[in-house]
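*Asks:* attaching a predicted model along with its sequence, questions to come.
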Amino acid sequence: MMRYLIVLEPTESGFAVQVPDLAIITFGKTVEDARHVAAEAVKINLEAYREAGMAVPEKEPLQKHLENPDFAELLFAFVEVSKSATPIAA
């Protein structure tokens with residue numbers, strides 16, 4: 001399994017979700033929904049890289065995200081996706 005950090009921001013209607021290492025932004029009505037939607041977005045993104053024959057961007061160190069002032073006071077979690085979704089670098 002591959003783990004990706006997600007950042008959740010509470011909104012009036014749910015949670016805005018970012019996957020900073022893949023430049024993904026999505027939304028879920030609950031934390032669990034947000035995590036599920038983020039995991040699906042990661043799978044789709046990784047598949048797109050694979051189909052394009054491109055390498056997935058390198059993950060930034062966790063500490064860099066934790067210290068990012070744009071993420072201050074937001075919620076952090078991880079999503080896991082199957083390694084079978086991992087693209088083969090060209």
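*Replies:* Thanks, I have it. On a predicted model such as this, the values are computed, not experimentally measured, just so you know.
*Asks:* mind checking the SS state of P57?
*Replies:* Three-state call for P57 (DSSP: H, G, I helix; E, B strand; the rest coil): coil.
*Asks:* show the contacting residues for it.
*Replies:* Neighbour list for P57: D21, L22, A23 [criterion: C-beta atoms under 8 Å, 6 or more residues apart in numbering]. (Each C-beta comes from the backbone N, C-alpha and C, glycine too.)
*Asks:* so what are the sheet partners of the strand ranked longest in the chain and their directions?
*Replies:* Assignment by DSSP state E gives strand 2-11 as the longest strand of the chain. Paired neighbours of strand 2-11 in the sheet (DSSP bridges): strand 14-19 (antiparallel), strand 75-81 (antiparallel).
*Asks:* now restrict the contacts of P57 to buried residues only.
*Replies:* In the contacts of P57, burial by neighbour count holds for D21, L22, counting by 16 or more other C-beta atoms under 10 Å.
*Asks:* reformat the contacts of P57 as CSV; add distance to R35, secondary structure and pLDDT.
*Replies:* Output for the contacts of P57, formatted as CSV (distance: C-beta to C-beta, whole Å; DSSP: H, G, I helix; E, B strand; the rest coil; pLDDT from 0 to 100):
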residue, distance to R35, secondary structure, pLDDT
D21, 16, coil, 97
L22, 15, coil, 96
A23, 18, coil, 91
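*Asks:* now the contacts of P57 in JSON lines, with distance to V37?
*Replies:* Converted to JSON lines, the contacts of P57 look like this (distance: C-beta to C-beta, whole Å):
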{"residue": "D21", "distance to V37": "17"}
{"residue": "L22", "distance to V37": "14"}
{"residue": "A23", "distance to V37": "16"}
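*Asks:* let me know the closest of the contacts of P57 to L46.
*Replies:* Ranked by distance to L46 (C-beta to C-beta), the contacts of P57 are led by L22 at 8.0 Å.
*Asks:* K59: which of the strands paired with strand 2-11 is closest?
*Replies:* Between those, strand 14-19 lies closest to K59; by C-beta to C-beta that is 10.3 Å.
*Asks:* who touches the closest one?
*Replies:* Applying C-beta under 8 Å, 6+ apart, the contact partners of strand 14-19 are 4-9, 24-31, 33-35, 37-38, 41-42, 45, 75, 79.
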